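> just need the structure, nothing else, for what follows:
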Amino acid sequence: MDHNQDRIAVWPGYFDAKSSRRSGRRVPRDSSVLKPDLEGLFIASRALGLRKVKREEKISHPSRPHGKEGRLWVSKRGAEESIGAATKEEILQLIGGQWRQMQKDQRSNEKEAQKRGPSVGDKRARSQRKGTNKAMAVQARARRSQKNKRRR
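Numbering: from 1, shown residues only. Presented below is the predicted three-dimensional model:
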């Protein structure tokens, strides 16, 4: 592939919260995410406002040849016009911040949904909930019977 001065290669491994700077993370911890993947990177860059983006799947980073993580090509000019970031470092930090915020929002939405419980028409989830109530009732009966046996 020919070299283009306007393009920046962005790899998901740059945003891995579990890896160190020495092993390939390019953003600070507060801009890194857990389990980075190409799809999440693409969605975060689109949510940030980047429009000139190209995905390449099943391509490995030269220093990580065992994982086919893929890469994202971002246009420098397009990034400067849309989000005002001129350098690769700024672009990476903005994408990482957006991606981390999206993961936090997703986790909080999942927790809220779990607290709310199943919806009215969701028979499968309701039956599972009933099953756990039955299990708790059986455990409570077993405890009561043990207490009664001790009293005798």
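> looks like Arg55 contacts Leu72 (just checking).
Yes: taking contacts as Cβ atoms under 8 Å, Arg55 lies within contact range of Leu72: 5.9 Å. (C-beta placed from N, C-alpha, C; glycine too.)
> name the residues contacting each of these two.
Listed as contacting both Arg55 and Leu72 by Cβ atoms under 8 Å, 6 or more residues apart in numbering are 38, 42.
> give me the more crowded residue out of these two.
Shown here are Arg55 and Leu72; by other Cβ atoms under 10 Å, Leu72 has more neighbours (20 against 14).
> any idea how far that one lies from Ser63?
Distance, Leu72 to Ser63, by Cβ to Cβ, to the nearest Å: 17 Å.
> residue ranges of the strands in the chain, please?
7-10, 53-56, 71-75 (DSSP state E).
> so which of the ones you listed is the most packed in?
For those, the largest average neighbour count (mean count of other Cβ atoms under 10 Å) is found in strand 71-75, namely a mean of 20.
> pull up the pairing partners for it, direction included.
strand 7-10 (antiparallel), strand 53-56 (antiparallel) (DSSP bridges).
> turn those into JSON lines, columns for mean pLDDT and distance to Arg22.
Output for those, formatted as JSON lines (pLDDT from 0 to 100; distance: least, Cβ to Cβ, whole Å):
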{"stretch": "strand 7-10", "mean pLDDT": "96", "distance to Arg22": "19"}
{"stretch": "strand 53-56", "mean pLDDT": "96", "distance to Arg22": "26"}
